[in-house]
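# no FASTA, just this:
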């Protein structure tokens, strides 16, 4: 009996007693709070807005899903869908050899001054040095390629642009690079960079490539400045000479044409006068042949009729006349003829 009692005591279960029993009413409140929080998170992550100058690339589990236009859109919540906003209607810029103060795009220029100095240091085809600064303006035209084809499209575009510029600069002399060949360098570099961007499928459109400052190294800067000044003076003198030429030559041509025109008019006048005189002479000759004495006398009288009125205060007397009137002595006539 004692053994049985001991066994029963050993097999008896202890009674659990809570010092502070749980408040099950609070668990009922949590039952409503957790769904509410989940609904709030879902609501906040289900919509997004694409700006007017951009497109939204939707990624589902990290893979491309679709491309959305500007406006309000919905997506799968809880990180199932992610959206990359790309400014496809905005012109972006890459700067080489310099940095614009206050730029908001972190990839617009190289971070350190040392890197920028390395970018602009070029070697020309005649083994001279030149410091070249330039700008590439581009825009994103294929967002899917821009995000997925190349790991870092901005860095790749920067490397391609620097390689193209070094290639083009290396085919020209330092004089062409600094003075006369700038436009050709821009055109060739732009065409080559467009080809490479298409070949690498960067998803960008190269809009413009423009050279900024192109200078010789500081050690020879003064010599190049003197050469440039001499060339500018030469161009200035040529422009002045061309201006004088354009001013004097037309005036001389005008005066020559005027003189020729006056000579032609005088020529016609003299021809007409000569023709008239010849006709008059022929008509007189016909009359003279008919009656020579009468014609001679008529011509004499006509000539005297034209001459005498022009002889003011002139006296015509015979050599034997000593006085014209009793009141007028021949000595008073003085130079009378």
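Cool, the structure landed. In this text, all values refer to a predicted model and were calculated from it rather than measured experimentally.
# Show me the strands in the protein, by range?
47-50, 55-60, 63-68, 71-74, 81-86, 92-96, 121-123, 129-140, 204-215, 323-325, 328-329 (DSSP state E).
# So which of these is nearest residue 304?
strand 323-325 (20.0 Å; Cβ to Cβ). From N, CA and C alone the C-beta is placed, and that goes for glycine too.
# With mean neighbour count as extra columns, can I get the strands of the chain in TSV?
Formatted as TSV, the strands of the chain follow (neighbours: other Cβ atoms under 10 Å):
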stretch	mean neighbour count
strand 47-50	15
strand 55-60	18
strand 63-68	15
strand 71-74	12
strand 81-86	17
strand 92-96	19
strand 121-123	16
strand 129-140	20
strand 204-215	17
strand 323-325	11
strand 328-329	12
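# ok, of the ones you listed, where does mean pLDDT dip lowest?
For those, the bottom mean pLDDT is recorded on strand 328-329, which sits at a mean of 48.
# Tell me which residues touch residue 85, please.
Shown in contact with residue 85 (Cβ atoms under 8 Å, 6 or more residues apart in numbering): 50-51, 54-56.
# Next one: it relative to residue 52, how far apart?
12 Å (Cβ to Cβ, to the nearest Å).
# would you list the contacts of residue 85 in a markdown table and tack on distance to residue 77?
Listed next are the contacts of residue 85 as a markdown table, based on distance: Cβ to Cβ, whole Å:
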| residue | distance to residue 77 |
| --- | --- |
| 50 | 18 |
| 51 | 22 |
| 54 | 22 |
| 55 | 22 |
| 56 | 16 |
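# Nearest to residue 91 among those?
Of all those, the one with the least separation from residue 91 (Cβ to Cβ) is residue 54, at 13.1 Å.
# would you turn the strands of the chain into TSV with distance to residue 308?
Shown next, in TSV, are the strands of the chain (distance: least, Cβ to Cβ, whole Å):
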stretch	distance to residue 308
strand 47-50	114
strand 55-60	112
strand 63-68	115
strand 71-74	114
strand 81-86	112
strand 92-96	101
strand 121-123	101
strand 129-140	97
strand 204-215	93
strand 323-325	17
strand 328-329	20
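# Which among those is found nearest to residue 265?
If we rank the strands of the chain by Cβ to Cβ, the stretch that ends up nearest is strand 323-325, at 50.8 Å.
# Now do the helices in the chain.
Under the criterion DSSP state H, the chain contains helices at 2-11, 24-45, 113-120, 143-148, 153-169, 174-175, 182-199, 221-290, 292-307.
# Mind listing residues that contact the shortest one?
Meaning helix 174-175. Identification of contacts with helix 174-175 by Cβ under 8 Å, 6+ apart yields 124, 126, 128-130, 216.
# Which pair of those spans the longest distance?
126 and 216 (12.5 Å).
# ok, of the contacts of residue 85, which one's closest to residue 143?
Using Cβ to Cβ, those come closest to residue 143 at residue 55, 5.4 Å.
# The closest one pairs with what?
With DSSP bridges applied, residue 55 shows beta-bridge pairing to residue 86.
# now swap in residue 205 and tell me
residue 139.
# Let me see the contact set for it.
Contact analysis of residue 205 by Cβ under 8 Å, 6+ apart lists 138-141, 197.
# Repeat that for residue 155.
Neighbour list for residue 155: residue 107 [criterion: Cβ under 8 Å, 6+ apart].
# Distance of it relative to residue 94?
Residue 155 is 10 Å from residue 94, where distance means Cβ to Cβ.
# so what sits against both of those two?
The contact lists of residue 155 and residue 94 share residue 107, where a contact means Cβ under 8 Å, 6+ apart.
# How about residue 174: what's its closest non-neighbour residue?
residue 128 (3.8 Å; Cβ to Cβ, 6 or more residues apart in numbering).
# so what's residue 181 up against?
Going by Cβ under 8 Å, 6+ apart, residue 181 touches residue 172.
# ok, it to residue 226 distance?
20 Å.
# now residue 191
Taking Cβ to Cβ, one finds residue 191 at 34 Å from residue 226.
# Point out where the protein drops to low pLDDT.
Of all residues in the chain, those with pLDDT under 70 make up the ranges 1-32, 34, 36-38, 41-44, 312-319, 321-337.
# Which segments of it make up each domain?
Following automatic domain parsing, one finds the domains of the chain at 23-86, 92-216, 221-265, 292-333.
# Can you check which of these gets nearest to residue 277?
domain 292-333 (14.4 Å).
# circling back: out of residue 126 and residue 216, which sits in the more crowded spot?
It is residue 216, of residue 126 and residue 216, that has more neighbours when counted by other Cβ atoms under 10 Å, with 20 against 12.
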